[in-house]
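J.: Provide a 3D model corresponding to the input given below.
(4 chains)
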There are 2 protein chains.
Amino acid sequence: MTDTVSTQDRRARTDKAILDATRELLAERGVRELTVEAVAARSRVAKTTIYRRWRGKDELALAVLIDMVEQVVATPDLGDTRQELITFVDAAVKILGSTLMGRVMQGLVSELAANPELARAFRERVVAMRLAEVKRVIDRGIERGDVRPDVDPELAHELLFGPVYYRLLLSGAPLDKGLAARIVDAVFPVLAPATR
Amino acid sequence: MTDTVSTQDRRARTDKAILDATRELLAERGVRELTVEAVAARSRVAKTTIYRRWRGKDELALAVLIDMVEQVVATPDLGDTRQELITFVDAAVKILGSTLMGRVMQGLVSELAANPELARAFRERVVAMRLAEVKRVIDRGIERGDVRPDVDPELAHELLFGPVYYRLLLSGAPLDKGLAARIVDAVFPVLAPATR
DNA sequence: TGCGGTACGCTACGCTACGTGTCGTTTTCA
DNA sequence: TGAAAACGACACGTAGCGTAGCGTACCGCA
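T.: As a prediction, the model looks like this:
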């Protein structure tokens, strides 16, 4: 309660050193060229120490990614569901397009398919978090009369974020400024109650 | 005209042997564990010969993928755009969900981000092909009066396929039978002309 | 019949990164 | 002060990469 003790403190410091180095290398070279040996060299931490905490570079990269995702805050009540959705999707577009999070994501996808444990962690921490947030916004919209009560939040969530990731991972089309609004404006009519 | 000659024939045979072996190994182990050495062993082709044709396992995997994609045929005129879209999206869902194409895709995504040449090839052959087909269907719908004339085919294409790939690559949700219909039914109202 | 060219096989490398094992050293804390 | 935890340093064995060098089979042509 008073303040954290020091053996754990030591652990935390090397932890930070490792994650920082990973972040940097990720930004410079991408996940594909991330090597545990390079992380060890840059962080001035022994390779063995890294392996004592993560099973390999995949888990390491995921740790960095989760670190970033968890900084996303809940969307505030704006009084307008359409606007709230734009805000939320746009946050994802921005973070995926401008920071290294996009690059980490690109590199991580293949590992997700190959590593079930990693996939589970990713889904619980990232996907589920996005879904829950969409659900929250939609529920608020239903209460408000902004959104039809029979809307399926999961489908909505997929329609909203699918195109974003499609661009990031496959088509290579830019994650530009108006993208979120365009997507939401395309999807929102389906969610809205009245016919127009 | 009588029959194909032999030097080129020989090339074609080893080509086939390599691609077949790649396909098999891809199905058994996934892209992640695909190694050129294993392909060489199974195909009974020297490793050097493989490197004489492809720069590495990425190009090899892409070659297999393109091979599969190009077997997709154009959607026939069904007289109903909604139905045509369902058919088209469903074809993608099926091929991604049941054959090894899904696995290849999962493994390839990361390489796309790291290898611009590969990305270009993928976009020209796969993404562009999907987009062109959606555009064709939509144009037909516009003529037919089925679809609003101001619809953006690119956005439509992203809304239709984004969710499919989102499931395949990220959320892990199943690519089940009704998925195509659910997506199209969610998106189609936006494309349709009348308000209703 | 002989000769050049193409396609291919085979062996042997050098290299990077992996993941592990072992042991010595520092730091913490009772 | 001394055990225990955290860490560093070094040394391995292994897999797969991509390349080089050289020999061989076969096709087609003069």
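
J.: which residues touch the most centrally placed residue in chain A?
T.: Ranked by distance to the mean C-alpha position of chain A (C-alpha atoms, centre = their mean), the top residue is A:Val69 at 4.3 Å. Contacts for A:Val69 (C-beta atoms under 8 Å, 6 or more residues apart in numbering or on different chains) come out as A:101, A:125-126, A:129. Any C-beta I mention is one placed from the backbone N, CA and C, and that applies to glycine too.

J.: so which of these are also by chain B?
T.: Restricting the contacts of A:Val69 to those near chain B by C-beta under 8 Å from any C-beta of the partner chain leaves A:Val126.

J.: The contacts of A:Val69 in helices, which ones?
T.: Under the assignment DSSP state H, the contacts of A:Val69 contribute A:101, A:129 to helices.

J.: out of the contacts of A:Val69, who's nearest A:Phe188?
T.: When the contacts of A:Val69 are ranked by distance to A:Phe188 (C-beta to C-beta), A:Met129 comes first, at 21.8 Å.

J.: Count the residues that sit near that closest one.
T.: 15 (other C-beta atoms under 10 Å in any protein chain shown).

J.: Distance check, it against A:Leu108.
T.: Distance of A:Met129 to A:Leu108, computed by C-beta to C-beta, to the nearest Å: 16 Å.

J.: returning to that earlier point: tell me the one of the contacts of A:Val69 nearest chain B?
T.: Among those, A:Val126 lies closest to chain B (C-beta to the nearest C-beta), at 8.0 Å.

J.: quick one: buried residues of stretch A:49-66?
T.: By 16 or more other C-beta atoms under 10 Å in any protein chain shown, the buried positions in stretch A:49-66 come out as A:50, A:54, A:57-58, A:60-65.

J.: Kindly report the same for stretch A:174-190.
T.: Of all the residues in stretch A:174-190, those buried under the rule 16+ other C-beta under 10 Å are A:175, A:179-184, A:186-188, A:190.

J.: for stretch A:80-92, same thing?
T.: Residues of stretch A:80-92 classed as buried: A:81-82, A:84-90, A:92 (neighbour count, 16+ other C-beta under 10 Å).

J.: How about it and chain B, any contact?
T.: No. No part of stretch A:80-92 sits close enough to chain B to count as contact by C-beta under 8 Å from any C-beta; the gap is at least 11.9 Å.

J.: now what about that stretch, what contacts it?
T.: Contact partners of stretch A:80-92, identified using C-beta under 8 Å, 6+ apart, comprise A:72, A:75-78, A:130, A:133-134, A:137-138, A:140-141, A:144, A:146-147, A:160-161, A:164, A:179-181, A:183-185, A:187-188, A:191.

J.: What degree of burial does A:Cys153 show, as a neighbour count?
T.: Heads up, residue A:153 is Pro, not Cys. Neighbour count for A:Pro153, taken as other C-beta under 10 Å: 19.

J.: could you measure it against A:Arg53, distance?
T.: Going from A:Pro153 to A:Arg53 by C-beta to C-beta gives 36 Å.

J.: A:Glu59 touches A:Leu112, doesn't it?
T.: No. Under the criterion of C-beta atoms under 8 Å, A:Glu59 is not in contact with A:Leu112, lying 11.9 Å apart.

J.: Mutual contacts of the two, please.
T.: Listed as contacting both A:Glu59 and A:Leu112 by C-beta under 8 Å, 6+ apart are A:Leu118.

J.: Show the contacting residues for A:Lys94.
T.: A:Lys94 is in contact with A:Leu175, counting by C-beta under 8 Å, 6+ apart.

J.: Distance of it relative to A:Gln71?
T.: Per C-beta to C-beta, A:Lys94 is found 13 Å from A:Gln71.

J.: Let's verify the residue nearest to A:Pro153 when sequence neighbours are not counted: helix, strand, or coil?
T.: Leaving aside its sequence neighbours, A:Pro153 sits nearest to A:Lys135 (C-beta to C-beta, 6 or more residues apart in numbering or on different chains; 4.2 Å). With DSSP: H, G, I helix; E, B strand; the rest coil as the basis, A:Lys135 sits in helix.

J.: Done for today, thanks.
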